[in-house]
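*Asks:* Sequence below, structure please.
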Amino acid sequence: QVQVVESGGGLVQPGGSLRLSCAASGSIFTIYTMGWYRQTPGKQRELVAAISWSGGLPYYVDSIEGRFTISRDNAKNTGYLQMNSLKSEDTAVYYCKVQAYRGSSAALDYWGKGTLVTVSS
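*Replies:* Take a look at the predicted model:
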């Protein structure tokens, strides 16, 4: 089993910044991809950013408009989402999803419990 824990959420004023962290842990696993999703009440969870653990260009949803940056620390099995110039519409619960495989098994999705980001004055 792979455990995924997000941290770094909180209350921030419009125009401010937050850095979310996503730490994956468990026994003998290899991360394939990591993605950040967000969800507000009554809406579907949407993919905000994603990154491959082996390299390549990250993915960002258009609404991010260059304000967010996803990164990874392979040695720590940890990913980050740096969020700048935050807007009220960025308010949501942010979830981290890790695609990981163990041995020769197919990759599975592992979700964290989410961290709340509130952008408000």
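*Asks:* center of the protein, which residue is that?
*Replies:* The residue lying closest to the centre of the chain (C-alpha atoms, centre = their mean) is Trp36, at 2.8 Å.
*Asks:* Tell me who's in contact with Thr40.
*Replies:* Thr91, Ala92, Val93 (C-beta atoms under 8 Å, 6 or more residues apart in numbering). Bear in mind the C-beta positions are built from the backbone N, C-alpha and C, glycine included.
*Asks:* these two touch, right, the residue nearest to the centre of the chain and Leu81?
*Replies:* Yes. Counting by C-beta atoms under 8 Å, Trp36 does reach Leu81; the two are 4.8 Å apart.
*Asks:* Overlap in contacts, the two.
*Replies:* Joint contacts of Trp36 and Leu81 (C-beta under 8 Å, 6+ apart) are Leu20, Cys22, Val48, Ala49, Ile70, Tyr94.
*Asks:* With Cys22 as the reference, measure out to Gln82.
*Replies:* 12 Å (C-beta to C-beta, to the nearest Å).
*Asks:* With neighbour numbers in mind, choose between these two.
*Replies:* Ranked by neighbour count (other C-beta atoms under 10 Å), Gln82 and Cys22 place Cys22 first, with 26 against 15.
*Asks:* Mind pulling up the pLDDT for the more buried one?
*Replies:* On the pLDDT scale, Cys22 is placed at 98.
*Asks:* thinking again about what came up before, so what's the residue nearest to the centre of the chain up against?
*Replies:* 20, 22, 47-50, 70, 79, 81, 94-97.
*Asks:* Mind giving me the PyMOL select for those, buried ones only?
*Replies:* Only the buried members of these enter the following PyMOL selection, criterion being 16 or more other C-beta atoms under 10 Å:
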select buried, resi 20+22+48+49+50+70+79+81+94+95+96+97
